[in-house]
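A.B. asks: Requesting a structural model of the entry that follows:
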Amino acid sequence: MTNDDLENKIRQLELQLQRERATRKKAEDILRQKTLEVFDANERITTATRRLQAALWASRESVWEWTADDNMYRLYTLVTEREVIVHSRGTLEELMLTFSERSAEKFMQAWQDHTSGLNESFHCVCHRKSSTTGKWRWVRITGRIVSRNDEGMAKQFIGIFKDITYEYEQDQTFRMITYTYLRTEQPGFIIRVDNHRVEGTDSMFALLGGERRDFSQEQLRQSLPIELIIHNQKTKERLFEHAVVNLKGESIMCQFILPKMLEDKDKAGVYSYAVGFFRPKK
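C.D. replies: Below is the predicted model of the structure:
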């Protein structure tokens, strides 16, 4: 082999080495980029999972899932980036057996309305017997279809499951109090101090010559001595007389009674509402 041949061979080997180095560097750059992408994706998953955990913890909610392949629902009590703990599982029929008869009917109707496309999501408040405590609880179940098969049938549901027993019973208590108050024979009123919105008993509207639907808020403000009522509430003047104006524009002299409020103990005299009763003066 001549010197020229040897030099050509060396140049070819150097060029081949340069190409291999360039190829290896490109591969290393791609690997580094993919590694960073995977790291970023894992970081996003971890961050999203922590946010989900915090949101579920703060709202006392659990995640549930139903899959059509095995007709199984699963209630998850812990969701992390590494594991998901299943609190309970069973078929859809077994889930419905934990509901009261009325709630089971409501659940299936809401389910069918969503699967048929009538509603965009699934929502139902059910009375359910807890499998762990054996006690009846009120729960709110919401969710939506996240996957359908080629025929358009639901393959997978995902949603939120929340115990709302305290909120539900409190709401029922408020409804009972409200209904009872509105039906009292003594004409009464509740006035919001900041915007002067007026609510009253059925008997108040009757005394003013109409029914609830006959009065606008403006008419009620003209019928009752709003400013005087709020002033007397703050000054704790419980008994006073003043005229009210009915739908016909007639004045009716009435006796007003303002009951004591818990806010009376506040030295600053800050009130959110003015509450009282009145009746025609005899």
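A.B. asks: Hmm, residue 225 and residue 198 touching each other?
C.D. replies: No - assessed by CB atoms under 8 Å, residue 198 is found out of contact with residue 225, at 11.5 Å. For glycine as for every other residue, the C-beta is placed from the backbone atoms N, C-alpha and C.
A.B. asks: These two - which one has more neighbours?
C.D. replies: Between residue 198 and residue 225, counting by other CB atoms under 10 Å, residue 198 is the more crowded of the two (21 against 18).
A.B. asks: so which helix or strand takes in the closest residue to that one other than its chain neighbours?
C.D. replies: Leaving out its chain neighbours, the residue that sits closest to residue 198 by CB to CB, 6 or more residues apart in numbering is residue 220, at 4.2 Å. Using DSSP states H and E, residue 220 falls within helix 217-223.
A.B. asks: How far does that helix sit from its chain's centre?
C.D. replies: Computed by CA atoms, centre = their mean, to the nearest Å, the chain-centroid distance of helix 217-223 equals 34 Å.
A.B. asks: can you pull the buried residues of it?
C.D. replies: By 16 or more other CB atoms under 10 Å, the buried positions in helix 217-223 come out as 220-221, 223.
A.B. asks: and if you look at stretch 178-185?
C.D. replies: residue 182.
A.B. asks: Show me where the protein has its strands.
C.D. replies: Residue ranges of the strands in the chain, as given by DSSP state E, are 61-67, 72-79, 84-91, 122-129, 136-148, 154-163, 188-192, 198-200, 239-245, 251-257, 273-280.
A.B. asks: Give me the helix or strand of the protein that scores worst on average pLDDT.
C.D. replies: Ranked by mean pLDDT, DSSP states H and E, the helix or strand of the chain with the weakest confidence is helix 3-59, at a mean of 59.
A.B. asks: thinking again about what came up before, looking at the strands of the chain, which is buried most?
C.D. replies: Highest mean neighbour count of these: strand 198-200, a mean of 20 (counted as mean count of other CB atoms under 10 Å).
A.B. asks: helices or strands next to it in the packing?
C.D. replies: strand 188-192, helix 217-223 (3 or more CB pairs under 8 Å, 6 or more residues apart in numbering; DSSP states H and E).
A.B. asks: that older thread, hey, C-alpha coordinates of the helix holding residue 220 in CSV?
C.D. replies: Extracted in CSV, the C-alpha atoms of helix 217-223 (Å, rounded to 0.1, in the frame of the first residue of the first chain):
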residue,chain,number,x,y,z
GLN,A,217,-90.2,44.7,45.2
GLU,A,218,-90.8,48.3,44.5
GLN,A,219,-94.5,48.0,45.5
LEU,A,220,-93.5,46.3,48.7
ARG,A,221,-91.0,49.1,49.5
GLN,A,222,-93.8,51.7,49.0
SER,A,223,-96.3,49.7,51.1
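A.B. asks: pLDDT on it, on average?
C.D. replies: For helix 217-223, mean pLDDT rounds to 94.
A.B. asks: Repeat that for stretch 93-101.
C.D. replies: Per-residue pLDDT over stretch 93-101 has a mean of 90.
A.B. asks: Please compute how far it lies from its chain's middle.
C.D. replies: Distance of stretch 93-101 from the chain centroid (CA atoms, centre = their mean) equals 24 Å.
A.B. asks: cool, stretch 191-199 as well?
C.D. replies: Worked out by CA atoms, centre = their mean, stretch 191-199 lies 26 Å from the chain centre.
A.B. asks: And for stretch 227-236?
C.D. replies: Distance, centroid of stretch 227-236 to centroid of chain: 37 Å (CA atoms, centre = their mean).
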